[in-house]
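Peer 1: 3D, please:
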Amino acid sequence: MATLCTPLNQICLQHVRLCHSQSSRKDAAVKRDRMNSDEPADAHLTHTDAQGRAAMVDVARKGATQRTATAGATVRLGPAAFRLLRDNGLAKGDALAVAQLAGIMASKQTSALIPLCHSLCLDHTSVSFELDEAQSAALVTATCRSTGRTGVEMEALTAVSVAALTVYDMCKAVSYDIIITDVKLLRKTGGKRDFHRHPG
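Peer 2: Numbering: from 1, shown residues only. A predicted model of the protein is given here:
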């Protein structure tokens, strides 16, 4: 019996050491990544409670400040769809005007779409487009502004995403080979810290 237990104990010990070694390497990699990023040293998820369950953040003790956020997205259309979008020749009408309104409306519905987002009173939302002929693409930018206790990053990201999806919807009769890419936060101000995405 003893001869059977000894190898098993050794195997278990080796397994624990292997797991510990892998965990240590992962921790070191995470620390290294954080050193090379702009994340604060005490970064942690705020939408989970002590047991790891989903939870809405209580912002009651935060002071109200002016918050802004700008997000961007790229819609790669292909030459034919791009030309019709540029020349306002799409069968459904003025795609950019419709997409602009869709993005603004979406920013106001963010808390209904993202479960743990707070319902915010937005001071302003703007959605704009830049047409990039070289890439046959529409570059979408959305900026949201609010005075409150929590940021408007999700509102800006929702606005730019829905605006991009609306461009897709307006152009899909011409081509399904349309790619929405590079949806990202470009900058934010207000709250604990500001953020500005480095070019490239």
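
Peer 1: excluding chain neighbours, what is closest to Lys172?
Peer 2: Sequence neighbours aside, Ile178 is the residue nearest to Lys172 in space, at 6.7 Å (criterion: CB to CB, 6 or more residues apart in numbering). All C-beta spots, glycine's among them, are computed from the backbone N, C-alpha and C.

Peer 1: actually His196, not the one I typed
Peer 2: Arg187 (4.6 Å).

Peer 1: in this structure, which spans are helices?
Peer 2: 2-35, 79-86, 95-107, 110-113, 153-171 (DSSP state H).

Peer 1: OK, contacts around Ala106?
Peer 2: Residues near Ala106 by CB atoms under 8 Å, 6 or more residues apart in numbering: Leu113, Thr158, Ala159, Ser161, Val162, Ala163.

Peer 1: again with Thr189
Peer 2: Thr189 touches Gln66, Arg67, Thr68, Ala69, counting by CB under 8 Å, 6+ apart.

Peer 1: who wins for most neighbours among those?
Peer 2: Ala69 (26 neighbours; other CB atoms under 10 Å).

Peer 1: give me the pLDDT for that one.
Peer 2: Confidence at Ala69, expressed as pLDDT, is 96.

Peer 1: that one and Ser146, how far apart?
Peer 2: The spacing between Ala69 and Ser146, counted by CB to CB, to the nearest Å, is 9 Å.

Peer 1: same check on Ala134?
Peer 2: 35 Å.

Peer 1: and what of Met170?
Peer 2: 29 Å.
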